[in-house]
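Colleague: compute the structure for the input listed below.
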Amino acid sequence: MSRRDILARMSPHKLKLSVASIALAIGSLFAVSPPVRAQDANKIIDQYQKASGGSKALSKIITLTIEGTFTSPDGSKSGSYTFDIKSPNRYYSELNVESGVNVDAGQPKLEALHLIEAYNGKSAWHQDASGAVTSLLGPEALQMEDAALYYNLHFNNLKKSKIGYALIGHAEVRGRDTFQIELTSPAGMKRNVFFDAQTHLIAKESATIAGINQEVLYDDYRSVDGLKLPLTIELHRGSDVFQITVTRAVLNPVVGERVFDFPRKSQVQLPDLKALFKQIDDNQKQIDKIRENYAGTRNEEETEYDNAGKVKKTEAKEYTFFYMYGDEISTLVKKDGKALSAEEQKKENEKAQKEIEDVQKRHDKKDAKDAKAEQEGKKNEDEPGIEIFLRACQFVNPRRERFRGQDVLVFDFEPNPEFKPHNLIENFAHALAGVVWIDEHALEVVRLEAYFVGDFKIAGGLVISLQKGTSMIFEQTFINNEVWLPTYEEAHGGVRLFLVKGLKINEVTRYSDYKKFNVETLHTVASPKQDQK
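Modeller: Residues are numbered from 1 along each chain as shown. As a prediction, the model looks like this:
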């Protein structure tokens with residue numbers, strides 16, 4: 001099984017993995033590299049933590065609430081500000097903006113806007129100036145995940161969380177000398193933090209959050225339960241500036257999960273998921289048959305980062321592929337934009353032919369087991385179905401949205417605390433959280449985002465240890481008014497393979513050039529169906 005298979009089978013109808021296939025897929029992603037030292041950055045971060053109250057005290061922050069009032073520099077806008085975080089990765093920021101507008105007879109009227117950005121540990125969402133509440137996708141969602149992780153870490157365990165950091169140099173902030181450190185998240189998102197050279201506290205942060213460029217300047221630090229917190233905040237959000245005076249700052253208050261979830265008014269009643277998922281599973285079996293009539297091109301872009309968050313190497317590969325019994329049969333044809341040599345192509349063709357033979361053997365073996373089970377009046381349980389996903393996870397925050405021009409049902413999922421896994425597949429399913437987009441009419445998963453809520457180990461970590469936070473994205477679309485096929489996959493991974501030092505790497509896969517299957521569409525591997533004439 002390849003990396004793309006892991007992504008595709010994360011969807012409810014493809015939740016099936018083996019130890020060997022996971023090891024092979026993940027192992028091909030990573031290469032051993034020496035660590036990059038960042039002594040200067042480490043020193044600056046250490047000074048910040050000591051000035052703030054100490055790393056031990058910072059690690060004890062489970063929740064944090066900051067509330068305040070603000071005005072814009074020109075006085076045209078005012079309102080309230082709320083900021084909540086909750087360990088390990090919850091984030092909520094709200095600006096309740098009141099601005100004066102002119103109405104009939106020149107009488108002023110206050111217009112209120114609620115600008116919200118949030119991450120609930122499974123999906124990112126926002127409320128914009130129009131009042132619409134929607135899920136965030138792509139880079140905007142990754143930026144929210146990055147912000148949630150950053151604000152909850154307090155610079156503890158950066159390396160464990162696979163966050164790269166490097167000293168950029170000196171920078172001036174409001175006339176004061178600062179040290180600028182650039183942070184790089186596991187997904188490649190960038191954030192710059194400026195530490196005051198004298199106080200060692202944070203003077204400024206800059207990052208893109210939910211697609212909006214933001215700068216936050218901090219001042220007037222005071223002690224709150226032994227930790228230094230700013231009581232003056234200047235938020236630059238796009239072209240707007242909000243000068244915030246903090247009226248309440250509380251460490252470890254009770255903050256419920258509902259704070260970070262979609263507003264109830266935006267939610268809908270979930271349908272019978274058992275029935276829905278069974279329909280999706282049954283539909284997928286038909287889709288798999290139609291897929292065997294298609295071939296296409298797959299382009300993979302891999303980026304590997306060092307410990308400072310700098311790009312270590314990039315690699316691009318192009319494959320041709322077709323489907324066989326639901327599996328993708330691929331042949332490498334290009335590396336970094338260059339066609340393979342004749343000898344290299346010959347080897348790749350042989351690999352693909354071997355893959356065809358292996359898929360055929362697995363299929364024949366499965367058919368034999370199915371036939372035997374049917375004769376004995378039993379069901380072949382070797383290949384788990386959707387029921388594992390239903391038992392291992394619980395589903396929350398249902399809502400209806402528009403996605404790529406389609407009406408879809410969206411809901412978050414997370415481990416079911418009452419479920420006790422007993423084997424690898426159940427442990428895998430139980431380790432996941434994320435969000436799924438379903439076209440109920442087409443009975444298809446159109447998008448899936450998932451990540452590991454904890455470290456996922458095989459053979460006690462001797463074979464593979466997938467780090468907490470390792471994430472995947474999968475999308476597919478309707479092709480030729482006939483069949484659903486993958487269009488996009490994304491993976492951000494932190495992994496330790498065979499006890500080798502952990503590494504992080506990102507991969508983006510794009511599918512294109514789908515054609516009806518025939519001999520002419522494949523230049524490297526002939527269709528297995530030719531032998532069935």
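
Colleague: all strands of the stretch 1-150 of the chain, in order?
Modeller: 63-71, 77-86, 90-102, 108-119, 124-127, 133-135 (DSSP state E, counting those that start in this stretch).

Colleague: most packed of those strands?
Modeller: Highest mean neighbour count among these (mean count of other CB atoms under 10 Å): strand 124-127, with a mean of 24. Any C-beta I mention is one placed from the backbone N, CA and C, and that applies to glycine too.

Colleague: partners of that strand, with directions?
Modeller: strand 108-119 (antiparallel), strand 133-135 (antiparallel) (DSSP bridges).

Colleague: any idea which of these scores lowest on pLDDT?
Modeller: Lowest mean pLDDT within the strands paired with strand 124-127: strand 108-119, a mean of 78.

Colleague: show the pLDDT at Ile290.
Modeller: 89.

Colleague: also Asp327?
Modeller: 89.

Colleague: gap between it and Lys361?
Modeller: From Asp327 across to Lys361, the span is 12 Å (CB to CB, to the nearest Å).

Colleague: compare those two (neighbour count), which wins?
Modeller: Set side by side, Asp327 and Lys361 show more neighbours around Asp327, with 21 against 10, by other CB atoms under 10 Å.

Colleague: is it true that Gln467 touches Phe452?
Modeller: Yes - taking CB atoms under 8 Å as the definition, Gln467 is a contact partner of Phe452 at 7.4 Å.

Colleague: list the buried ones in the helix ranked longest in the chain?
Modeller: Assignment by DSSP state H gives helix 342-375 as the longest helix of the chain. If you call a residue buried by 16 or more other CB atoms under 10 Å, then helix 342-375 has these buried ones: Gln345, Glu348, Asn349, Ala352, Gln353, Glu355, Ile356, Val359.

Colleague: over to stretch 408-417?
Modeller: Buried, per 16+ other CB under 10 Å, within stretch 408-417: Val408, Leu409, Val410, Phe411, Asp412, Phe413, Glu414, Pro415, Asn416.

Colleague: cool, and stretch 205-213?
Modeller: So for stretch 205-213, counting by 16+ other CB under 10 Å, buried means Glu205, Ser206, Ala207, Thr208, Ile209, Ala210, Ile212.

Colleague: correct me, but Leu95 touches Phe242?
Modeller: Yes - contact criterion CB under 8 Å: Leu95 and Phe242 qualify, at 6.5 Å.

Colleague: tell me the residues that contact both of these two, please.
Modeller: Common neighbours of Leu95 and Phe242 (criterion: CB atoms under 8 Å, 6 or more residues apart in numbering): Phe70, Tyr81, Leu235.

Colleague: want to throw those into a markdown table with pLDDT and distance to Glu318?
Modeller: Shown next, in a markdown table, are the shared contacts of Leu95 and Phe242 (pLDDT from 0 to 100; distance: CB to CB, whole Å):
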| residue | pLDDT | distance to Glu318 |
| --- | --- | --- |
| Phe70 | 95 | 51 |
| Tyr81 | 96 | 49 |
| Leu235 | 96 | 44 |
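
Colleague: what strands line up against the helix or strand Thr331 falls within, and which way round?
Modeller: For Thr331, the host element (DSSP states H and E) is strand 327-335. If you go by DSSP bridges, strand 327-335 pairs up with strand 311-324 (antiparallel), strand 338-339 (antiparallel).

Colleague: if you compare these, which one is most tucked away?
Modeller: Highest mean neighbour count of these: strand 311-324, a mean of 18 (counted as mean count of other CB under 10 Å).

Colleague: show me where the stretch 401-533 of the chain has helices.
Modeller: Using DSSP state H, counting those that start in this stretch, the helices of the stretch 401-533 of the chain run over residues 424-430.

Colleague: show me where it dips below the pLDDT cut-off.
Modeller: 458-465, 494-504, 517-533 (pLDDT under 70).

Colleague: at 90 what do you get?
Modeller: Scanning the stretch 401-533 of the chain with the threshold set as pLDDT under 90 gives 402-406, 421-430, 441-443, 451-472, 478, 480-483, 491-507, 516-533.

Colleague: show me the strands in it, by range?
Modeller: With DSSP E, counting those that start in this stretch as the criterion, the stretch 401-533 of the chain has strands at 406-415, 432-439, 444-452, 456-458, 464-466, 471-479, 483-497, 503-516.

Colleague: what angle do the longest one and strand 432-439 make?
Modeller: Here strand 483-497 runs at 170 degrees with respect to strand 432-439, directions being taken by axes from the mean of the first three to the mean of the last three CA atoms, to 10 degrees.

Colleague: mind exporting strand 483-497 as CSV, just the C-alpha atoms?
Modeller: What follows is strand 483-497, C-alpha atoms only, in CSV (Å, rounded to 0.1, in the frame of the first residue of the first chain):
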residue,chain,number,x,y,z
VAL,A,483,-17.5,8.1,-11.2
TRP,A,484,-15.9,9.7,-8.1
LEU,A,485,-12.1,9.9,-8.4
PRO,A,486,-9.4,11.4,-6.1
THR,A,487,-8.2,14.9,-7.0
TYR,A,488,-6.0,16.0,-4.1
GLU,A,489,-4.2,14.6,-1.1
GLU,A,490,-2.0,16.2,1.5
ALA,A,491,0.1,14.7,4.4
HIS,A,492,2.1,16.4,7.1
GLY,A,493,4.0,13.8,9.1
GLY,A,494,6.3,13.4,12.1
VAL,A,495,7.5,9.8,12.2
ARG,A,496,10.1,7.6,13.9
LEU,A,497,10.9,4.6,11.8
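
Colleague: list the helices and strands that strand packs on?
Modeller: Counting contacts by 3 or more CB pairs under 8 Å, 6 or more residues apart in numbering; DSSP states H and E, strand 483-497 packs against helix 3-8, helix 19-27, helix 273-291, strand 294-305, strand 464-466, strand 471-479, strand 503-516.

Colleague: turn the ones you listed into JSON lines, including distance to Lys77 and mean neighbour count.
Modeller: Compiled in JSON lines, the helices and strands packed on strand 483-497 are given as follows (distance: least, CB to CB, whole Å; neighbours: other CB atoms under 10 Å):
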{"stretch": "helix 3-8", "distance to Lys77": "44", "mean neighbour count": "21"}
{"stretch": "helix 19-27", "distance to Lys77": "50", "mean neighbour count": "16"}
{"stretch": "helix 273-291", "distance to Lys77": "44", "mean neighbour count": "16"}
{"stretch": "strand 294-305", "distance to Lys77": "40", "mean neighbour count": "19"}
{"stretch": "strand 464-466", "distance to Lys77": "46", "mean neighbour count": "22"}
{"stretch": "strand 471-479", "distance to Lys77": "36", "mean neighbour count": "21"}
{"stretch": "strand 503-516", "distance to Lys77": "39", "mean neighbour count": "18"}
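
Colleague: lovely, talk soon.
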